[in-house]
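Trainee: Quick one, fold the following:
(2 chains)
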There are 2 protein chains.
Amino acid sequence: MSRTVKIVEDILSANDDLAFQNRSKLQNSHTLGINVMASPGSGKTSVILQTIKALQAEYQIGVVEGDTAAVTIDADKIISAGMPAVQINTGGSCHLDAVMLSKALPELPLENIDLLIVENVGNLICPAAFTLGTHFNIVIASVPEGDDKPYKYPNIYRGIDALILNKIDLLPYIDFDIAYFKRGVQILNPDVRFFDLSCKTGEGIDAWANFLRDRIEGFRS
Amino acid sequence: MSRTVKIVEDILSANDDLAFQNRSKLQNSHTLGINVMASPGSGKTSVILQTIKALQAEYQIGVVEGDTAAVTIDADKIISAGMPAVQINTGGSCHLDAVMLSKALPELPLENIDLLIVENVGNLICPAAFTLGTHFNIVIASVPEGDDKPYKYPNIYRGIDALILNKIDLLPYIDFDIAYFKRGVQILNPDVRFFDLSCKTGEGIDAWANFLRDRIEGFRS
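Mentor: Purely as a prediction, here's the structure:
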């Protein structure tokens, strides 16, 4: 048993070393990196597409798509939106790690990319344990998942800078107590920034894009 | 690297041994066991509560609740519905395994339980790799998760007997192609039984309860 624990520690430590190297690479190319974590079906790719639409006149955006299977559904959508995308097939693994990202970075024209969005595997548990080397982490929650998720899956909310609550167009049809949900996140992470939005109606996209714009400009200066 | 693979194999083999013991225990008490897997927020607990309501006049139903955190939100709901429930706190782990179930079984009055429902941790990836010793597996999908999930998270659909598509009351508000979704599941698992239902309206609960009733009666005879 202790042997297994030791190996897990070794893996996490090796991951942190590689995450540091990834970060250096992003710094060298002046690319701001964000790690997007969420449940399956929360709308990660839709939010990324809306983000591209809102910011593409000002910035070049690259995307790394993490998938457990060898399907390119999400990566194809990004490429159709005119931005460079690389897919990481985790081969059934439940999260991205720094090794995987280190293999994806050379496939992207980082020198020309202002913002790199890494879409992690859809999973509220495992991605929280692996740093990638990005500059900050966000979680996309969605109204149909229910307002109790921060209480049930706490770890994923701890290290994040921003929380997007997606699919707010469905609020009239679903019992979802926004105050209860946000209180659950704030207990774990008092400084988190909230963005309520709907990819369907476009509500809230501007506020989120403004936040990212500020981050990109702050990173450059 | 090969050392890690070896240890993973040892863990899975030890898990299978314990799953076999769990199965024997369930056989001895004439308890039919099902393992319920799903994404976070697909409505696992709501489906279980509706199942209890539909079958409680005929059968005694016990529930094992798998949670990554030490919150008893779901277990409390089952106990309020008048059925015995035990919570397994996985301590952050992303799935239940046979060891955890073997520790939970002695906490339940199995001799009096006809149907044991094991609610796995909300996760579309990791639970698929660990047999528990239950008699069959199901997945609960939900309309807001999107119709592409079988293509993106294939492993979870392979070993299941039944697939519940929950939250069909939201179909008018969400782009969801049922035929595309079901085709994706059937490619992986041609014999799966589908149950479209809504815990909100009660639609489809009877068909699902009839399926379970047949399974319980078939198990007894």
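
Trainee: secondary structure element for the residue most central in space within chain A?
Mentor: Nearest residue to the geometric centre of chain A (Cα atoms, centre = their mean): A:V36, 0.4 Å. Here A:V36, judged by DSSP states H and E, is contained in strand A:32-38.

Trainee: what does A:I140 give?
Mentor: Per DSSP H and E: A:I140 is located in strand A:136-142.

Trainee: Quick check: residues of chain A near chain B?
Mentor: A:3-4, A:7, A:11, A:39-41, A:67-69, A:71, A:73-74, A:92-94, A:121-126, A:142, A:144-146, A:148-149, A:151-155, A:167, A:169-170, A:173-174 (Cβ under 8 Å from any Cβ of the partner chain). Heads up, the C-betas are built off the backbone N, CA and C, glycines and all.

Trainee: Just the ones in strands from the residues you listed, please.
Mentor: Residues of the residues of chain A next to chain B located in strands (DSSP state E): A:67, A:142.

Trainee: So how do I select the buried members of the residues of chain A next to chain B in PyMOL?
Mentor: The following PyMOL line selects those of these that are buried, judged by 16 or more other Cβ atoms under 10 Å in any protein chain shown:
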select buried, chain A and resi 39+40+41+67+68+69+71+74+93+94+121+122+123+124+125+126+142+144+145+146+148+149+151+152+153+154+155+167+169+170+173+174
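
Trainee: send the alpha carbons of stretch A:123-130 over as PDB?
Mentor: Written as PDB, here are the backbone C-alpha positions of stretch A:123-130 (Å, rounded to 0.1, in the frame of the first residue of the first chain):
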ATOM      1  CA  ASN A 123     -14.900  15.300 -14.900                       C
ATOM      2  CA  LEU A 124     -15.500  17.200 -11.600                       C
ATOM      3  CA  ILE A 125     -12.900  15.100  -9.600                       C
ATOM      4  CA  CYS A 126      -9.600  14.000 -11.200                       C
ATOM      5  CA  PRO A 127      -8.500  17.200 -13.100                       C
ATOM      6  CA  ALA A 128      -8.300  19.100  -9.800                       C
ATOM      7  CA  ALA A 129      -5.300  17.000  -8.800                       C
ATOM      8  CA  PHE A 130      -3.000  17.800 -11.800                       C
END
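
Trainee: So which bits of the helix-or-strand element of chain A with minimal mean pLDDT are buried?
Mentor: None of the helices or strands of chain A scores lower by mean pLDDT, DSSP states H and E than helix A:2-28, at a mean of 84. For helix A:2-28, burial by neighbour count (16+ other Cβ under 10 Å) applies to A:15, A:18-19, A:22-23, A:25-26.

Trainee: distance between it and the chain's centre?
Mentor: 19 Å (Cα atoms, centre = their mean, to the nearest Å).

Trainee: related to what we said a few turns ago, which ones are touching the residue nearest to the centre of chain A?
Mentor: Residues in contact with A:V36 (Cβ atoms under 8 Å, 6 or more residues apart in numbering or on different chains) are A:44, A:47-48, A:117-120, A:138-140.

Trainee: And A:G122, by the same measure?
Mentor: When contacts are taken as Cβ under 8 Å, 6+ apart, A:G122 is in contact with A:38-42, A:44, B:39, B:124, B:152-153.

Trainee: so how far is A:L212 from it?
Mentor: 21 Å (Cβ to Cβ, to the nearest Å).

Trainee: thinking A:F219 is in contact with A:L116, fair?
Mentor: No: using Cβ atoms under 8 Å, A:F219 is not in contact with A:L116, being 11.5 Å away.

Trainee: Overlap of the contact sets of those two?
Mentor: The contact lists of A:F219 and A:L116 share A:L32, where a contact means Cβ under 8 Å, 6+ apart.

Trainee: Between those two, tell me which one has more neighbours.
Mentor: A:L116 (27 against 16; other Cβ atoms under 10 Å in any protein chain shown).

Trainee: where along chain A do the helices fall?
Mentor: A:2-28, A:44-55, A:73-80, A:98-104, A:149-152, A:155-158, A:178-188, A:205-220 (DSSP state H).

Trainee: in the third one, what's buried?
Mentor: Neighbour-count burial for helix A:73-80, with 16+ other Cβ under 10 Å as criterion, is recorded at A:74-75, A:77-79.

Trainee: Can you name the residues in contact with stretch A:24-35?
Mentor: A:22-23, A:62, A:96, A:105, A:110-111, A:113-118, A:120, A:127, A:132-138, A:212, A:215-216, A:219-220.

Trainee: If any of these are buried, put those into a ChimeraX selection.
Mentor: Command for ChimeraX that selects the buried part of the contacts of stretch A:24-35, burial taken from 16+ other Cβ under 10 Å:
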select /A:22,23,62,96,105,110,113,114,115,116,117,118,120,127,132,133,134,135,137,138,212,215,216,219
